[in-house]
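# need a structure here:
(2 chains)
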2 protein chains.
Amino acid sequence: MLNNEEQFISYISKSFKSIRELPDDWIGIGDDAAKIVSESKNIVFCADAMVEDVHFKRNYGFESIGWKSIVSNQSDLAGMGAKPLAFTVTLGLNKSLNESNLKSLYIGMDNACNEFGGFLIGGDVVKSEKIFISISAIGIPFQSDNLLLRSNAKKDDIVAVTGSVGDAAAGHFIIENKLSGFKNQQNKFLYPKPKFLESKKAIELGITCGMDLSDGLSKDLLRICKSSNVEIEIELEKISSDENLKKLYKDNFYSKIASSGEDYEIIIIGEKNKIKALSNKMKINIIGKVTKDKKTNLVFKKNNKKTNIELKGFDHFE
Amino acid sequence: MLNNEEQFISYISKSFKSIRELPDDWIGIGDDAAKIVSESKNIVFCADAMVEDVHFKRNYGFESIGWKSIVSNQSDLAGMGAKPLAFTVTLGLNKSLNESNLKSLYIGMDNACNEFGGFLIGGDVVKSEKIFISISAIGIPFQSDNLLLRSNAKKDDIVAVTGSVGDAAAGHFIIENKLSGFKNQQNKFLYPKPKFLESKKAIELGITCGMDLSDGLSKDLLRICKSSNVEIEIELEKISSDENLKKLYKDNFYSKIASSGEDYEIIIIGEKNKIKALSNKMKINIIGKVTKDKKTNLVFKKNNKKTNIELKGFDHFE
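Next up is the predicted model:
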């Protein structure tokens, strides 16, 4: 299968639903480019890549690696208030991968597409010493003229986050240290899910500020503070997280929770009545408030006092 | 600049026209995804990547590397009959690159965008031992319902190619072997140009079969033969190439010409009257004919006789 690019492409084209079963008026793999037909002229476009031994290790299993490579892009779309349409997949591969590895990789990608949307319509395959998976995604807004942007936070807005925080990083810790237990956390690290339902509902309620939570609350919230030029205050006790994580992180529990990456939840920020309406429909947690405008600042509070917890964002680049 | 991702993104966002000067209703770098507004609901989507020491070496210069990374994607769009709209750029980088290298890389990408179209609207930056540049492109068809496809060759169609063939590979040979001379060839290898004018005119004339010539005539024409299930006959003497290349390739001149990659010309195949009309408007070279249908075969002729020249396509993957 890996003998040449043509054989490889021929194999994947036949074997996976999200590659094979395109809408009738689309053109998939087999030409210089694919043709897709969008419902909307407004298009959302993003890219996210993973590199071996930086973002993943082979022992995570190739199915998880494939799944996460798609989900990280789907989560960016969810963070914008958009749904997925199509992905290009560029793989950096080498002969150390066998057919079974590649099959598992595509099973993971295919499953994520079939579960959350989007088709695999093309890409590139290149030789690389370290494996990399570079994916680009096209989506369309749930509502044509409304997106979740980092720049739309306003004074007195409420800050919410979907789901619980810190599980993925805890799962990562367990796997890296070959510990046992924390099955939910391991599973959330290996098979995260993009939050399209919450994103869509937020858009329907007229909420306009948000982003996906992929690099940790401290880092991602600071991006919103900068982009909107606001001060945000977070009450650490209000962040929802699994009680068991306190066993894992003793002294530095809150610091860990606030800087845990790869949860792929979404941060949603909006007027009080809209966030309240959202919380009536969906499980979200209100964790803080936009306290000032014209000032870029992020404050974490504990017992109603400012804390100086050590906050280290999650940066694959550093 | 390379200290962290935020600094890097802040620098490029300010410094390059194709990143900074987006259409008014677009949203560029700074959110989970970009928003673009397309004139058409028909969208063309492709990806092409380059890896250090596989597709390029640092001594080509980072400006060339950046230029080629965009042009190879633009050329895929030209090969489809589409014009560029937007690119995501995913970079695999490491600390061995200095600010000047990165600046040159973006100058090359920015120049290609400004000259041939498309904006740099986002992407990802990851750590990688070997540099890679993985780009994805969105384009829109020159005419909404007409594309150049590999599957549209029909018996008696004429096979044409834009420009001369073999220059890029010769330039590569000169540079790799530290030879001098062949300046045109070196330049075509380092700074190829996508063939949008020819692509647009072909589409306007109702031509429906074509692709970009990036992996060599023998390999790319065989793709058309397979996709259309036809036999194509090429007359080697009719392929336009620089006479000086005969000095470089002595015994195996035709074999080299027919398997030279990275010219980024386009192969255009259509009915005789349409190809003739195109050749009245543009400099194209008629090099052969579709001789049979219901049979996948590629024949090269010399002095009107079938040849058995050794043809090795250009496969970065092998």
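# shaky segments in chain A?
A:1-3, A:310-318 (pLDDT under 70).
# so residue A:47, which of the three states?
strand (DSSP: H, G, I helix; E, B strand; the rest coil).
# surely residue A:243 is within a strand?
No - checked against three-state DSSP, residue A:243 lies outside a strand; its state is coil.
# gap between it and chain B?
30 Å (C-beta to the nearest C-beta, to the nearest Å). No exception for glycine: its C-beta is placed from N, CA and C like everyone else's.
# which elements pack onto the helix or strand that contains residue A:78?
Assigned by DSSP states H and E, residue A:78 belongs to helix A:62-80. Packing partners of helix A:62-80 (3 or more C-beta pairs under 8 Å, 6 or more residues apart in numbering or on different chains; DSSP states H and E): strand A:42-51, strand A:82-93, helix A:99-116, strand A:132-141, helix A:183-190, helix A:196-204, strand A:209-213, strand A:265-270.
# run through who's touching the shortest one.
Residues from elsewhere that reach strand A:209-213, judged by C-beta atoms under 8 Å, 6 or more residues apart in numbering or on different chains: A:75-76, A:78-79, A:81, A:148-154, A:157, A:161, A:165, A:194-195, A:199, A:202, A:220, A:223-224, A:228, A:263-270, B:31-32.
# alpha carbons only: can I get stretch A:72-81 in PDB?
C-alpha atoms of stretch A:72-81 as PDB (Å, rounded to 0.1, in the frame of the first residue of the first chain):
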ATOM      1  CA  SER A  72      -8.900  19.700  16.600                       C
ATOM      2  CA  ASN A  73     -10.100  21.300  13.300                       C
ATOM      3  CA  GLN A  74     -13.700  20.600  14.000                       C
ATOM      4  CA  SER A  75     -13.300  22.200  17.400                       C
ATOM      5  CA  ASP A  76     -11.900  25.400  15.700                       C
ATOM      6  CA  LEU A  77     -15.000  25.500  13.600                       C
ATOM      7  CA  ALA A  78     -17.300  24.900  16.700                       C
ATOM      8  CA  GLY A  79     -15.300  27.700  18.400                       C
ATOM      9  CA  MET A  80     -16.300  30.000  15.500                       C
ATOM     10  CA  GLY A  81     -20.000  29.000  15.400                       C
END
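# that one: how far from the chain's middle?
6 Å (C-alpha atoms, centre = their mean, to the nearest Å).
# check stretch A:153-171 too.
So, by C-alpha atoms, centre = their mean, the centroid of stretch A:153-171 is 13 Å from its chain's centroid.
# how about it: buried residues?
Neighbour counts over stretch A:153-171 (16 or more other C-beta atoms under 10 Å in any protein chain shown) mark A:153, A:157-171 as buried.
# ok, these vs residue B:118, which is closest?
residue A:153 (31.2 Å; C-beta to C-beta).
# which residue packs closest to that closest one, ignoring adjacent ones?
In space, and not counting its chain neighbours, residue A:153 is closest to residue A:228: 3.7 Å by C-beta to C-beta, 6 or more residues apart in numbering or on different chains.
# and residue A:194, by the same measure?
Distances taken as C-beta to C-beta, 6+ apart place residue A:74 nearest to residue A:194, at 3.9 Å, with adjacent residues excluded.
# residue A:172 is in contact with residue A:256, isn't it?
No - shown here, residue A:172 and residue A:256 do not form a contact pair, counting by C-beta atoms under 8 Å, at 11.4 Å.
# show me which of those two is the more surrounded one.
More neighbours surround residue A:256 than the other of residue A:172 and residue A:256, with 24 against 19 (other C-beta atoms under 10 Å in any protein chain shown).
# please confirm that that one is located within a helix.
Yes - under three-state DSSP, residue A:256 sits within a helix.
# give me the contact list for stretch A:10-27.
A:1, A:28-30, A:34-37, A:103, A:106-107, A:109-110, A:113-114, A:118-121, B:147, B:149.
# 6 Å - rerun?
Stretch A:10-27 is contacted by residues A:1, A:28-29, A:34-37, A:106, A:110, A:113-114, A:119-120 when judged by C-beta atoms under 6 Å, 6 or more residues apart in numbering or on different chains.
# can you tell me which of the residues you listed are buried?
Buried residues within the contacts of stretch A:10-27, counting neighbours by 16+ other C-beta under 10 Å: A:28, A:29, A:34, A:35, A:36, A:106, A:110, A:113, A:119, A:120.
# from those, which two are the most distant?
Going by C-beta to C-beta, the pair spanning the buried ones among the contacts of stretch A:10-27 furthest: A:35 and A:106, at 22.0 Å.
# would you tell me which one of the helices and strands packed on helix A:62-80 is buried the most?
Burial of the helices and strands packed on helix A:62-80 is given as mean neighbour count (mean count of other C-beta atoms under 10 Å in any protein chain shown); strand A:265-270 ranks first at a mean of 29.
# what residue spans form the domains of chain A?
With domains defined by automatic domain parsing, chain A comprises A:5-141, A:150-306.
# now those domains in TSV, with distance to residue B:186?
Below are the domains of chain A laid out as TSV (distance: least, C-beta to C-beta, whole Å):
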stretch	distance to residue B:186
domain A:5-141	24
domain A:150-306	43
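# which of those domains sits closest to residue B:184?
domain A:5-141 (25.5 Å).
# the closest one: end-to-end distance?
34 Å (C-alpha to C-alpha, to the nearest Å).
# same check, this time on stretch A:46-61
End residues of stretch A:46-61 are separated by 25 Å (C-alpha to C-alpha).
# distance from it to the middle of the chain?
With C-alpha atoms, centre = their mean, you get 13 Å for stretch A:46-61.
# list of residues touching it?
A:65, A:69, A:72-73, A:76, A:130-134, A:136-137, A:316, B:33, B:88, B:90, B:122-124, B:126-128.
# repeat for stretch A:179-189
Contacts to stretch A:179-189, defined as C-beta under 6 Å, 6+ apart, come from residues A:167, A:168, A:170, A:171, A:172, A:174, A:175.
# in helices, which of those fall?
The helices, defined by DSSP state H, take in A:167, A:168, A:170, A:171, A:172, A:174, A:175 from those.
# how much space between the second one and chain B?
As judged by C-beta to the nearest C-beta, residue A:168 and chain B stand 17 Å apart.
# touching, that residue and residue A:264? I think so.
No - Residue A:168 is not in contact with residue A:264 according to C-beta atoms under 6 Å; the separation is 7.3 Å.
# related to what we said a few turns ago, any chance of the contacts of stretch A:10-27 in CSV, plus distance to residue A:289?
CSV is the format used below for the contacts of stretch A:10-27 (distance: C-beta to C-beta, whole Å):
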residue, distance to residue A:289
A:1, 54
A:28, 47
A:29, 48
A:34, 44
A:35, 46
A:36, 41
A:37, 43
A:106, 44
A:110, 42
A:113, 37
A:114, 39
A:119, 40
A:120, 41
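# max pairwise distance over those: which two?
Maximum distance among the contacts of stretch A:10-27 (C-beta to C-beta): 31.2 Å, for A:1 and A:37.
# separation between residue A:46 and residue A:94?
27 Å (C-beta to C-beta, to the nearest Å).
# still on that earlier bit, the buried ones among the contacts of stretch A:10-27 also near chain B: which ones?
A:34, A:35, A:36 (C-beta under 6 Å from any C-beta of the partner chain).
# wait, what's in contact with the last one?
Shown here is residue A:36, whose contacts under the criterion C-beta under 6 Å, 6+ apart are A:26, A:86, B:43, B:45.
# any idea whether it is helix, strand or coil?
strand.
# what's across from it in the sheet?
Judged by DSSP bridges, the bridge partners of residue A:36 are residue B:43.
# is it true that the residue nearest to residue A:153 touches residue A:151?
Yes - counting by C-beta under 6 Å, residue A:151 is a contact partner of residue A:228 at 5.3 Å.
# okay, these two: which has more neighbours?
residue A:228 (22 against 16).
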